[in-house]
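**Q** sequence? don't have it. structure:
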DNA sequence: GGTGTATGCTTACGTCGTAAGCCTACCTTA
DNA sequence: TAAGGTAGGCTTACGACGTAAGCATACACC
């Protein structure tokens, strides 16, 4: 019958397909069977290229890390480098919302993840942060950035305008809205002016970066006083 | 046969049991069948008290919100009020790690959640933050706090001492560790001094609170300049 | 005592991850 | 070119999962 020879599968192709699937249909639609279907193959065949779903996720997470804009230690000013990095993290996690809960804490970090962390830590160290200071700085920045991405993923609207409708729905479910005066204000103000995630994100980001720069300078001028 | 009459189930009891189950065995062990088992009942009986698993989660999340220490708007100094609140959020999310990804963005917020958000927003407004300023402040603080809890949940160690072992395992999986000099530093320093989550958390929290206070004062003294 | 409703039970469907094992097409080497 | 190994598909099967449908019982109220 000479069936058309299918291009052979590979870990690479499987990961790419998985990424596309998760981006399109969300994390819950990423099942081994559906992924197999998308590859034109049966579920069990995937296990020739991926040892388990956990392994698949490890691979996916590393693909995501590879998309991040990475700083180069010692090059340019740390503040703009870290700013770009955080903005890039948010952008990438917005493209791949399913990844938000998965990025940190994988037990088998891939090369892209390792390089990302090394480059970031390096940027801070070369900027003159002490070791502990760099850990502090990275911790605040990442907690903020991942946390913001987490809320952005969860909140049920995307466009500034949508807030209005969502609020209306929620209010309809809350009979005693009058007992929450400050939430009423939120609802009315949001309806008037909307809510822009990017503005919001960059406000907090700059707030933190400014504070970190102050911290860095303080630690440099008075290095004897243990600054936490 | 006069079987011993079982104390009757109720939504309340179901939720409590679910909470205990999730706390003990993690989110993935919270299945309708296991929960039913813990209640001495069959799976489908739960649906007399809970309309779906989603509804169960809504209830659980509201129980978690109820555990949070809430500020009272207008009472005392906003900085310490918000500080206590954030610390409380982290503590509660540490007790209930399964809740981290679920807290924000529920479509059916319960009364505890509504009150929590109202009280927090109120505290900031009464402290003199403009509406937009309060939204900014809440956004940074919550992103940071939830983000920190997220990382804490994911990172694979709990005690300061454990870092050493985990790092050793990860390094064993990475053949070319030498090409990540800054990660090597992290590994050796962590092994020496450990890593204390609480210290780390409070460093970032105070950094942000200080920055927000500066922001608040600046906005008050020069209210004409639009400050983002 | 009869009736309606609340709350339990059983059964069943379609989904999931993946263990076990088979089959065929290709590559290597003599 | 024949022999044999291997890589990468396939089928089948198991025990979980959430929940729809419908049946049974026991209590509340008239």
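**A** That came through fine. Since this is a predicted model, take the numbers as computed values, not measurements.
**Q** so what's the spatially closest residue to residue A:32 that is not a sequence neighbour up against?
**A** Of all residues not flanking residue A:32 in the chain, residue A:43 sits nearest, at 4.8 Å (Cβ to Cβ, 6 or more residues apart in numbering or on different chains). (Each C-beta comes from the backbone N, C-alpha and C, glycine too.) Contact partners of residue A:43, counting by Cβ atoms under 8 Å, 6 or more residues apart in numbering or on different chains, are A:32, A:33, A:35, A:36.
**Q** nearest residue to the most centrally placed residue in chain A other than its sequence neighbours?
**A** By Cα atoms, centre = their mean, chain A has its centre lying nearest to residue A:93, at 3.6 Å. Counting by Cβ to Cβ, 6+ apart, residue A:93 lies nearest to residue A:149, which is 4.0 Å off, once chain neighbours are set aside.
**Q** hang on, isn't that neighbour packed against residue A:100?
**A** Yes: with contact defined as Cβ atoms under 8 Å, residue A:149 reaches residue A:100; the gap is 5.3 Å.
**Q** just the element for the residue nearest to residue A:93, please.
**A** helix A:131-154 (DSSP states H and E).
**Q** helix or strand next in line after that helix, which one?
**A** Counting by DSSP H and E, what follows helix A:131-154 is helix A:163-173.
**Q** buried ones in that following helix?
**A** Buried residues in helix A:163-173, counting neighbours by 16 or more other Cβ atoms under 10 Å in any protein chain shown, are found at A:163, A:164, A:166, A:167, A:170.
**Q** can I get those residues in CSV with pLDDT and distance to residue A:57?
**A** Shown next, in CSV, are the buried residues of helix A:163-173 (pLDDT from 0 to 100; distance: Cβ to Cβ, whole Å):
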residue, pLDDT, distance to residue A:57
A:163, 75, 32
A:164, 74, 36
A:166, 74, 30
A:167, 74, 35
A:170, 72, 33
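**Q** wait, which of those residues is closest to residue B:85?
**A** Using Cβ to Cβ, residue A:170 is the member of the buried residues of helix A:163-173 that lies nearest residue B:85, at 22.0 Å.
**Q** DNA strand C contacts on chain A?
**A** A:5, A:30, A:31, A:32, A:33, A:34, A:43, A:44, A:47, A:52, A:53, A:54 (Cβ under 7 Å from any atom of the strand).
**Q** helices and strands around the helix holding residue A:149, which ones?
**A** helix A:78-95, helix A:111-126, helix A:197-221, helix B:131-154, helix B:181-193, helix B:197-221 (3 or more Cβ pairs under 8 Å, 6 or more residues apart in numbering or on different chains; DSSP states H and E).
**Q** tell me the angle the second one makes with helix B:163-173.
**A** Angle, helix A:111-126 to helix B:163-173, by axes from the mean of the first three to the mean of the last three Cα atoms, to 10 degrees: 130 degrees.
**Q** from residue A:210, how far off is the residue of chain A found nearest chain B?
**A** Closest to chain B within chain A is residue A:147: 2.3 Å, counting by Cβ to the nearest Cβ. For residue A:147, the distance to residue A:210 equals 18 Å [Cβ to Cβ, to the nearest Å].
**Q** more neighbours, those two?
**A** When residue A:147 and residue A:210 are compared for neighbours, residue A:147 comes out ahead with 26 against 14, by other Cβ atoms under 10 Å in any protein chain shown.
**Q** residues touching the nearest residue to the more buried one once chain neighbours are set aside, list them.
**A** Counting by Cβ to Cβ, 6+ apart, residue A:147 lies nearest to residue B:147, which is 2.3 Å off, once chain neighbours are set aside. For residue B:147, the contacting residues are A:142, A:143, A:144, A:145, A:146, A:147, A:148, A:150, by Cβ under 8 Å, 6+ apart.
**Q** so who does the third one touch?
**A** I take that to be residue A:144. Residue A:144 touches A:86, A:204, A:205, A:208, B:140, B:143, B:144, B:147, B:204, counting by Cβ under 8 Å, 6+ apart.
**Q** how about the nearest residue to it, chain neighbours excluded?
**A** Nearest to residue A:144 is residue B:144, by Cβ to Cβ, 6+ apart, at 4.8 Å.
**Q** so where's chain A shaky on pLDDT?
**A** Filtered on pLDDT under 70, chain A yields the residue ranges A:1-7, A:158-161, A:222-228.
**Q** that older thread, rebuild the contacts of residue B:147 as JSON lines, extending it with distance to residue A:218.
**A** Shown next, in JSON lines, are those (distance: Cβ to Cβ, whole Å):
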{"residue": "A:142", "distance to residue A:218": "22"}
{"residue": "A:143", "distance to residue A:218": "21"}
{"residue": "A:144", "distance to residue A:218": "20"}
{"residue": "A:145", "distance to residue A:218": "23"}
{"residue": "A:146", "distance to residue A:218": "26"}
{"residue": "A:147", "distance to residue A:218": "25"}
{"residue": "A:148", "distance to residue A:218": "26"}
{"residue": "A:150", "distance to residue A:218": "30"}
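**Q** identify, from the residues you listed, the entry nearest to DNA strand D.
**A** residue A:150 (22.6 Å; Cβ to the nearest atom of the strand).
**Q** looks like the closest one contacts residue A:103 (just checking).
**A** No: between residue A:150 and residue A:103 there is no contact under Cβ under 8 Å: 10.4 Å.
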